[in-house]
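Undergrad: After the sequence you'll find the predicted model.
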Amino acid sequence: MLYYDTMTNKIYIKRSRRKSVAIKIDNQGIITVFCPLNYPETKIKQLISEKRNWILTHIKKINDDNLKNVDFINYKKLLLSGVAYDITYDDKNIKIGDVEQIKYRKDMVSSLKKWLKKRAEETLETRLNHWARVMKLSYSKFFLTQARKKWGSCDNEKRIRLNFRLIMLPEDCINYVCIHELSHLLYLNHSKKFWNTVAKFMPNYKTIKKQIKDYSFTLQLF
Ligand SMILES: [Zn+2]
């Protein structure tokens, strides 16, 4: 169901068998209200009007961030290990700053994506193996993903998935995601014991966890 509010844009309403009501805003500024199946519309409108300031502040921040990241979003620049490089290209080659030159195939974005995924495959598995050794843990299988919402995951069959877009982030962020997913080999939850394990290998993990949020826009790239 779609509900239009005068103040912003669209507000989506998703009803499900849940007990509580929550408002979520994604990094494109889309607002969704999650609520129980029979939750009355008048109450939703009331909630939105109560939360007006919070929503507007949030949307403004998203717009500011998008403006700040506009060169990355338009593929004029590319992030590699947290460093921004200019992208220049002709119909033969694509140059990433002065560090790399790759072949232009079909179109610029898909050529870059292919190259990034190859580089991610080599880099991320090596990082993960490094931390697995340090933490004395072993996973069953490694997969590279291109999920839009997650940096990584670990399932009950000890398979670890890492997002190829991680290679755009600083090394500390990559290390954090590796440590986080490997800690799930011990605890498949986010309990205190889980976070203690993460902290053992990365004492400043809280800072890095916050830092990663600044890069969530990269999940929408490529
Ligand atoms: Zn987790």
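TA: Yes, it's here. Note that the coordinates shown come from a computational prediction; the quantities given were computed from them, not determined experimentally.

Undergrad: got the phi/psi numbers for Thr198?
TA: Actually, residue 198 is Val rather than Thr. Reported as degrees, to the nearest 10, the phi and psi values for Val198 are phi -60, psi -50.

Undergrad: distance of it from Ile167?
TA: Distance, Val198 to Ile167, by Cβ to Cβ, to the nearest Å: 21 Å. C-beta coordinates here come from the backbone N, C-alpha and C atoms, glycine included.

Undergrad: and what of Cys35?
TA: The spacing between Cys35 and Ile167, counted by Cβ to Cβ, is 38 Å.

Undergrad: Leu137 too?
TA: From Leu137 to Ile167 the distance is 22 Å (Cβ to Cβ).

Undergrad: Looking at the two, which one has more neighbours?
TA: With neighbours defined as other Cβ atoms under 10 Å, Leu137 and Ile167 compare such that Ile167 has more, 22 against 15.

Undergrad: confidence score at that one?
TA: Ile167 carries a pLDDT value of 96.

Undergrad: That one against Ala120, yeah?
TA: Yes. The criterion here is Cβ atoms under 8 Å, and Ile167 meets it with Ala120 at 4.6 Å.

Undergrad: how does this structure divide into domains?
TA: 2-68, 118-220 (automatic domain parsing).

Undergrad: Over to Tyr176: give its phi and psi.
TA: According to degrees, to the nearest 10, Tyr176 has phi -60, psi -50.

Undergrad: How many neighbouring residues does it have?
TA: 27.

Undergrad: next one: Leu166
TA: 24.

Undergrad: which intervals of this structure have sub-threshold pLDDT?
TA: Residue ranges of the chain with pLDDT under 70: 1-9.

Undergrad: quick one: secondary structure of the residue of it most remote from its centre?
TA: The outermost residue of the chain relative to its centre, with distances by Cα atoms, centre = their mean, is Thr42 at 33.9 Å. Assigned with DSSP: H, G, I helix; E, B strand; the rest coil, Thr42 falls in the helix class.

Undergrad: Leu67 falls within a helix, correct?
TA: Yes. Counting by three-state DSSP, one finds Leu67 located in a helix.

Undergrad: which outside residues touch the helix or strand that contains Glu181?
TA: Element membership for Glu181, per DSSP states H and E: helix 171-183. Applying Cβ atoms under 8 Å, 6 or more residues apart in numbering, the external contacts of helix 171-183 come out as 81-82, 123-124, 127-128, 130-132, 135, 137, 139, 151-154, 160-162, 166-167, 194, 197-198, 201-202, 205, 208-209, 211-212, 215.

Undergrad: related to what we said a few turns ago, which of the domains of the chain has the highest mean neighbour count?
TA: domain 118-220 (a mean of 17; mean count of other Cβ atoms under 10 Å).

Undergrad: Show me how far it is from its chain's centre.
TA: 12 Å (Cα atoms, centre = their mean, to the nearest Å).

Undergrad: I appreciate the help and will end here.
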